[in-house]
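# Prediction below, plus the sequence it came from.
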Amino acid sequence: MLKTAALAAMAAVIPYVLSPVHTVNIESFPLGVLERNTLLDGAEHLFQGDVVGPEAFTVEEDGSLITGLADGRIVRISSTEDGGVLSTTLARTGVNDSECGSSIELEPRCGRPLGMHLDPLNPNKLFIVDGYKGFLEMDLKTNQITTLATHTEDGSPLVLPNSVLPSSDGLIIYITDTSVTYQRRRIFHAAFSGIPTGRLLAYHRSNGSISIIREGLLMPNGMAHDYHRKCFLIALTISREVKRYCPHDNTLTTFAKGLPGTLDNIVRYSDPYTHERGFLLGIGSKVAKPFSLLTAIAPFPSLRRWLCGLPLPYTWLYKLIPKHGILGVLDTDGNLVTTLQDPTGYTSWVSEGVVSNGSLWLGSWLSPHLTRVPFGKTSPARLNVVNALR
């Protein structure tokens, strides 16, 4: 039995030991500065164990949220007449199996909805990217899901579609494909390898095709429209920078860099009282002084290759990373002006932040709950954000 186990372990390790690992970039990105605070104190964890991994949100006209979960469900989070909060399952992107959500290895069957955005040309339609099922469209009246695309026009598959953003006129829908090598259930392999295989894609409504706009990006993730021009922002997870892409001249420039953690989704924020504007940036894990696992192993390709090859359970890998909840706030010029934090890790692995109905809602690709933070007119978190944006 031991011999069989050893052979199985070697078989799992060898492909990664022989695979290339990037020796540049990761260690060259500067560590961010992170002054600790406790502005995420008072966070509520809702739907514990039922709403698991609410990665990204779209906000409906009445302030309700729609999000995708680790078990493949798409749910609506709405307010009740008595002031409570209700979670309603709308659909699934994969099979309906009671085991869904129990293991990341089941995601290819169960689905894993990630980024989503309302169709600007039809508010009853919702665009979704699923990490395994491709680019989807959901009818919010019937809850029916239609697959729009699973491959680009050159035949290459969408390997890790992560975020979706319609153009300003709604005729093109941009998609980030975080890696062309690793699926979402191997996301840590993509991070440790440091190989920039991510892509920016464009779905053309006129003919239903997906073209490749940019290649060679280091784990592109969330997107948001810029305020200044007809451009949009792309958060790059491992390089800890935000790029600005302008379709009219096909330019990709740096909007923000040297950020203090691994980046996830980015969302525009406009304060309802003062109209200060900026961006809320999900920061999944701290990559700042005095220690960061990813930065510590960055200069050692062999070590990273070895870690990728170990037949360790997925949960072991993220347990190696210290939990530290962070939501970053960028101004309209790309400066990191403040962060909202939970240094205890009670609220952690923040993927996105959106404000709706007087609350700041925090998503997470991992946490087994939905997080709500008071964000009313006099709340400490809101006042900190507004003052920093002035």
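Nice, I can see it. Note that the structure is a prediction, hence the values are computed from the model and not measured.

# Could I get the phi/psi values of Pro54?
phi -70, psi 90 (degrees, to the nearest 10).

# what pLDDT does it get?
At Pro54, the pLDDT value in this model is 98.

# What count of nearby residues applies to the nearest residue to it once chain neighbours are set aside?
Nearest non-adjacent residue to Pro54, counting by Cβ to Cβ, 6 or more residues apart in numbering: Thr67, 4.1 Å away. (Glycine included, C-beta is placed from N, CA and C.) Thr67 is flanked by 24 other residues according to other Cβ atoms under 10 Å.

# can you pull the contacts of Thr67?
Neighbouring residues of Thr67 by Cβ atoms under 8 Å, 6 or more residues apart in numbering: Val51, Pro54, Glu55, Ala56, Phe57, Thr58, Ile74, Val75, Ile77, Met116, Gly363, Leu370.

# Okay, now the unreliable bits of the stretch 51-200 of the chain?
Scanning the stretch 51-200 of the chain for pLDDT under 70 picks out no residues.

# hmm, try it at 90
Where the stretch 51-200 of the chain drops to pLDDT under 90, the residues are 81-83, 185-195.

# can you give me the strands in it?
Counting by DSSP state E, counting those that start in this stretch, the segments of the stretch 51-200 of the chain that form strands are 57-59, 65-68, 73-79, 85-92, 113-119, 122-130, 134-139, 145-149, 161-166, 172-177, 198-204.

# follow-up on the earlier one: which one of the contacts of Thr67 is nearest to Gly155?
Met116 (25.8 Å; Cβ to Cβ).

# how close does that closest one sit to Lys319?
The spacing between Met116 and Lys319, counted by Cβ to Cβ, to the nearest Å, is 29 Å.

# quick one: which of the two has more around it?
A direct count of neighbours by other Cβ under 10 Å for Met116 and Lys319 places Met116 higher, at 22 against 11.

# shouldn't that one be in contact with Ala56?
Yes. Under the criterion of Cβ atoms under 8 Å, Met116 makes contact with Ala56 at 6.0 Å.

# and for those two, which residues touch both?
With Cβ under 8 Å, 6+ apart as the test, Met116 and Ala56 both reach Thr67, Gly68.

# Tell me the secondary structure at the residue nearest the centre of the chain.
Nearest residue to the geometric centre of the chain (Cα atoms, centre = their mean): Asp264, 3.9 Å. Under DSSP: H, G, I helix; E, B strand; the rest coil, Asp264 falls in the strand class.

# wait, it sits on Ser351?
Yes. Between Asp264 and Ser351 there is a contact under Cβ under 8 Å: 4.2 Å.

# Find residues that contact each of these two.
Contacts common to Asp264 and Ser351, judged by Cβ under 8 Å, 6+ apart, are Gly282, Gly284, Trp365.

# Neighbour-wise, give me the winner out of the residues you listed.
Gly282 (28 neighbours).

# Look up how far Arg304 lies from that one.
Counting by Cβ to Cβ, the gap from Gly282 to Arg304 is 24 Å.

# Equivalent analysis for Pro272, please.
From Pro272 to Arg304 the distance is 45 Å (Cβ to Cβ).

# Pick out whichever of those two has more residues nearby.
Relative neighbour count places Arg304 above the other of Pro272 and Arg304, with 23 against 10, counting by other Cβ under 10 Å.

# Give the helix, strand or coil label for that one.
Following three-state DSSP, the label given to Arg304 is helix.

# Residue numbering should commence at 22 henceforth.
Done: numbering now begins at 22, and the last item shifts to Arg325.

# which ones are touching it?
Val42, Phe213, Ser214, Gly215, Ile318, Ala319.

# what about the fourth one, how many neighbours?
Burial of Gly215 is recorded as 23 neighbouring residues (other Cβ under 10 Å).

# now the third one
A count of neighbours around Ser214, defined by other Cβ under 10 Å, yields 26.

# is it true that it touches Val201?
No. With contact defined as Cβ under 8 Å, Ser214 does not reach Val201; the gap is 11.9 Å.

# re the thing from before, quick one: which of the shared contacts of Asp285 and Ser372 is nearest to Pro141?
Gly303 (22.7 Å).

# Which of the helices or strands spans Trp337?
For Trp337, the element it lies in under DSSP states H and E is helix 335-340.

# Report the buried residues of that helix.
Neighbour-count burial for helix 335-340 flags Leu338 (criterion: 16 or more other Cβ atoms under 10 Å).

# Run the chain-centre distance for whichever helix or strand comes after that helix.
Using DSSP H and E, the helix or strand that directly follows helix 335-340 along the chain is strand 346-351. Chain-centre distance of strand 346-351: 13 Å, with Cα atoms, centre = their mean, to the nearest Å.

# quick one: average pLDDT of strand 346-351?
96.

# Provide the strand pairings for that strand, with the direction of each partner.
Next to strand 346-351 in the sheet, as set by DSSP bridges, lie strand 298-307 (antiparallel), strand 357-363 (antiparallel).

# coming back round to it: please flag which of the contacts of Arg325 sit within helices.
Among the contacts of Arg325, DSSP state H puts Phe213, Ser214, Ile318 in helices.

# Alright, calling it a day.
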